[in-house]
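Q: let's see this in three dimensions:
(3 chains)
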Amino acid sequence: METTATAATPAHPTGEPAHGHEHPELGFWRKYVFSTDHKVIGIWYAVTGLTFLFFGFCLVMMMRWQLAFPGRPLPLIGALFGEARMPGGSMLPEFYNELGAMHGTIMVFMGVVPLAVGGFGNFVLPLQIGAPDMAFPRINLASYWSYFIGGVVMFGSFFVPGGAAQSGWTSYAPLSVIAGQGQTLWLVGMIFLITSSLLGSINFIVTTIQLRAPGLSWFRLPFFVWAQFVTSFLLLLAFPPLEAAGILQLMDRVAGTSFFMPSGLVVSGQIVEWTGGGNPLLWQHLFWFLAHPEVYVLVLPALGIVAEVIANNTRKPLFGYRIMVYSLVFLGFMSFVVWAHHMFFTGMGTTMAAFFQATTMIISIPSVAILTSLIISLWGGSIRFNTPMLFALAFLPMFGIGGLTGLPLGLAAADIPLHDTYYVIGHFHYVVAPGTLFALFAGIYYWFPKATGRRMSERLGKIHFWPSLVFINGIFFPMFIQGLAGVSRRLYDGGAAYDFAQPVLHWNVFMSFSAWGLALAQIPFVFNFFRSIRHGEKVGDNPWQATTLEWAAPSPPPHGNFTSPPTAHRDPYDYSLPGAASDHTPQWAS
Amino acid sequence: MADHSSPAEIDRQVKIYILVFVSLMALTIVTVAVSRFHLPTAQAVAVALTVAVVKGGLVAGYFMHLVSERRLIYWVLGLTAAFFFAVLLLPLWGQWDPIRILTP
Amino acid sequence: MEIPYTVAERPDTGLNNGKIGIWLFLASEVMLFGALFASYLMMRVGAAEWPRGDSILNVPLATLNTVVLISSSVTMVMAWASLKRKDFAKFRLFMGGTVLLGFGFLVIKYIEYSAKFHHDLYPSTSTFLAIYFTLTGLHGLHVVGGMAVNAYFWGPGAKLWRTDPEHFTNRVEHSGLFWHFVDLVWIFLFPVLYLL
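A: Next up, the predicted model:
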């Protein structure tokens, strides 16, 4: 598990192929593809994650056509999907389910987390703690390739007979057990993705504990580092039960066991061939044991990024840093004991429901503490409204809406009319889309100069930001209206078959156009991103006049990161220190 | 464990390993022997788990050197133990306390 | 730049990187097997009837396997202790013994499984057999993995002893921790599946 870094000159980062135990040895090494440098690996994670985010977005844009115009043939590209899925260009319900299940899976496991944790975590964390690399560079590489293979398996599952998984990203039994081949590939893909996460989380935790530069005590760490540290514990301890569940579901599907198959199950008038005796709820418990902490994995790195950008662009220290750190740790711990709030209607008794309701209400406290601290941090600041800051600022109310709409869902009684409706979809998308995704955009604009030595265009950044903000609200806000009216989720006609849904059906068209508008709004971002790599305005080490250690390294940093090992002499956000020469006193300044 | 590198210290540890080995063998015999008595389930479980915990404790404590490990490792394991019991026991709650439909 | 604390211990934690790394990995394994034990409990508690382990499974063979695995744990720790005593030859002996005993465990497992299949007892036959095969099967895979690592350190990986003996000793210790964990899981698996 240990490694020693090979000596290198700054201009020529060297790398060695990974010797992970579960994967074939790479026969040859390349400097920038199979590098063990955390920055290269971080960029690969980010690029792959962004690609999957784009792909997952495309899937839902197709779904939005179906929802806005149920049954109408999809123009231009409808014919590409064949008669099995879109006869005459018109989407079949099974294909709608496939798109839905894979949209969720891809966005969560192959898009957001790899970008937020694998991408940002890998690139920024060692730099922010003054380390030359991660503690285990070869394991880092192995974790990327495990993710990549998992992604290929997931993508490939679209092409097997019967198509990809279509039992929801939640893969509930018994439906998932009797589903087609695509579900098996989903399970296999998940095992690779989980392995990737486990390897990565071990690396992050050891790196943070052991490789902090001299003077960098725990309470001098940037909030981003704390966020990644807690996130890594969530991944480490919550994923294995899902891995176990995945193995059990594979056994059910492939070996004919009945872990999740109840006795006497009848499908389409036929008794199924499983012997039965199993419990579908066991799958739900094991799934949600991971999936609830997973949503904090989706959010915590975003909070970390927003904290960095806000401190930097208010030119003052974060308000309540210690409270934020304690809240983060408490939230991480609590996240393991709230999961059954996703299962209120599975037949649990009132005491069990009350327990999970209580823990769920309690967990909202640290979230609010962190969000409030970030908001108060703005007070009295000299705010710079650059692109990263715009996205970070927008994150605050968006995450607020997402969080607040979670409260009635967490209360068992209020959940009764809301469970499995569009209200839920609105809630979680608000936290992840205008929430986390906006924070990730902030991070890209903020750290792009460090990674490339060039800025992204501010003008294009603003052209990206404003329409995105408008359209993203256009997509998700009406979902609360539809949900409160009782429109269920996962309906391929968007509720058209139900009388009670008629008054709110028109929102489907509005939401779909908002989604397509959001897609168009990303064009300036993509253009800006690629163009700035070569033609962006060149910058020095610290273009944002920031205080944290990554800005002490050259832009981009060489292999080994720092020309000489940095020492931290102060807190992470010493902006506008009374009596200081400038409005920022970096951590490495003595 | 770099601080335990003197030959005398290692010899002392080796003696402990042998002792633990013998204890583990003995406990294995005990647990199999007790199972032959076909005790009622609750008691059988109590005995079997107690023996297992003792055996496991010996392996963890002495072979894995946990008796002299650092606090950080204890914290990690403590946290893990908490979540281990959560995943082990909380799902069962639904079995033991299902919703009861009240007839009017 | 070298990565610090790969071998030397960091003063404030008193640990090297690999030691923390392996314990974190083991923590995740505790959760993996924990979830499987949780599944066992759910299956058993939810079942109308559940067979006694010794009515279906081969207790004498499994007892032998328990002895084999515990012995391999002793040889493993002795292998490490030999390195601490700078006795490479003894390390070779004990590590080789550990790998052989691991192999012995798998052979006995193979005999057990074959006998089950011969009597038409498959994972799909009942939830008892499902959880039995899955738990012991996954455990067996961990035995294979551990053996592979141990064999590596017995063989090609032993080169490191000449260039950096302390590093090599630590790696063997960490590999040993994994191996002891595999033993630890079996210490619980054996009574739960076979004796209750």
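Q: and the helices in chain C?
A: C:17-46, C:53-56, C:59-84, C:88-118, C:127-154, C:160-163, C:165-189 (DSSP state H).
Q: who wins for proximity to B:Trp96 among the ones you listed?
A: helix C:17-46 (7.9 Å; C-beta to C-beta). For every residue, glycine as well, the C-beta is placed using N, CA and C.
Q: could you list the buried residues of the closest one?
A: Applying a neighbour-count criterion of 16 or more other C-beta atoms under 10 Å in any protein chain shown, one finds C:17-43, C:46 buried in helix C:17-46.
Q: helices or strands next to the top helix by length along chain B in the packing?
A: When chain B is parsed with DSSP H, its longest helix is helix B:7-35. If you count contacts as 3 or more C-beta pairs under 8 Å, 6 or more residues apart in numbering or on different chains; DSSP states H and E, helix B:7-35 packs onto helix B:41-58, helix C:59-84.
Q: quick one on the thing from earlier: the buried residues of helix C:17-46 also near chain B: which ones?
A: Checking these against chain B by C-beta under 8 Å from any C-beta of the partner chain, the ones in range are C:19-20, C:23-24, C:27, C:30-31, C:34-35, C:37-38, C:41-42, C:46.
Q: the residue sitting nearest the centre point of chain A and chain B, how far apart?
A: The residue lying closest to the centre of chain A (C-alpha atoms, centre = their mean) is A:Val112, at 2.7 Å. A:Val112 sits 23 Å away from chain B, going by C-beta to the nearest C-beta, to the nearest Å.
Q: same question for A:Phe500.
A: 25 Å.
Q: my read: that residue touches A:Ser488, true?
A: No. In this structure, A:Phe500 is not within contact of A:Ser488 by C-beta atoms under 8 Å, at 10.5 Å.
Q: neighbour count: those two, which is higher?
A: A:Ser488 (16 against 10; other C-beta atoms under 10 Å in any protein chain shown).
Q: circling back to that earlier point, what comes up buried for the longest helix of chain B?
A: Applying 16+ other C-beta under 10 Å to helix B:7-35 flags B:10, B:13-14, B:17, B:20-21, B:24-25, B:27-28, B:31-32, B:34-35 as buried.
Q: same deal with stretch A:459-466?
A: For stretch A:459-466, using 16+ other C-beta under 10 Å, the buried residues are A:Leu460, A:Gly461, A:Ile463, A:His464, A:Phe465.
Q: three-state assignment of the last one?
A: Three-state secondary structure (criterion: DSSP: H, G, I helix; E, B strand; the rest coil) places A:Phe465 in helix.
Q: the closest residue to it other than its chain neighbours: what's it in contact with?
A: Nearest residue to A:Phe465, sequence neighbours excluded (C-beta to C-beta, 6 or more residues apart in numbering or on different chains): A:Leu390, at 4.8 Å. When contacts are counted by C-beta atoms under 8 Å, 6 or more residues apart in numbering or on different chains, A:Leu390 is found next to A:Ala442, A:Gly461, A:Lys462, A:Phe465.
Q: tell me which two of the residues you listed sit farthest apart.
A: Longest span within those, C-beta to C-beta: A:Ala442 and A:Lys462, 13.1 Å.
Q: any common contacting residues for the two?
A: By C-beta under 8 Å, 6+ apart, the residues touching both A:Ala442 and A:Lys462 are A:Thr387, A:Leu390.
Q: wait, what's in contact with A:Arg253?
A: A:Val177, A:Gln183, A:Thr184, A:Leu187.
Q: where do the helices of the stretch 401-550 of chain A begin and end?
A: Ranges of helices in the stretch 401-550 of chain A, per DSSP state H, counting those that start in this stretch, are A:412-418, A:422-430, A:438-452, A:458-485, A:507-521, A:523-535.
Q: return the most buried member of those.
A: Neighbour counts (mean count of other C-beta atoms under 10 Å in any protein chain shown) averaged over each of the helices of the stretch 401-550 of chain A peak at helix A:438-452, with a mean of 25.
Q: spit out the contact partners of A:Gly406.
A: Counted by C-beta under 8 Å, 6+ apart, A:Gly406 has contacts A:Ser364, A:His427, A:Val431.
Q: just those now: which is nearest A:Phe344?
A: So of these, ranked by how close each gets to A:Phe344 (C-beta to C-beta), first place is A:His427, at 14.6 Å.
Q: can I assume the closest one is in contact with A:Gly410?
A: No. In terms of C-beta under 8 Å, A:His427 does not count as a neighbour of A:Gly410; the distance is 10.0 Å.
Q: my read is the residue nearest to A:Phe465 is in a strand, agree?
A: No. Assigned with three-state DSSP, A:Leu390 falls outside any strand and is helix.
Q: what comes up buried for the helix ranked longest in chain A?
A: Using DSSP H, we find that the single longest helix of chain A is helix A:280-314. Using 16+ other C-beta under 10 Å as the test for burial, helix A:280-314 gives A:280-314.
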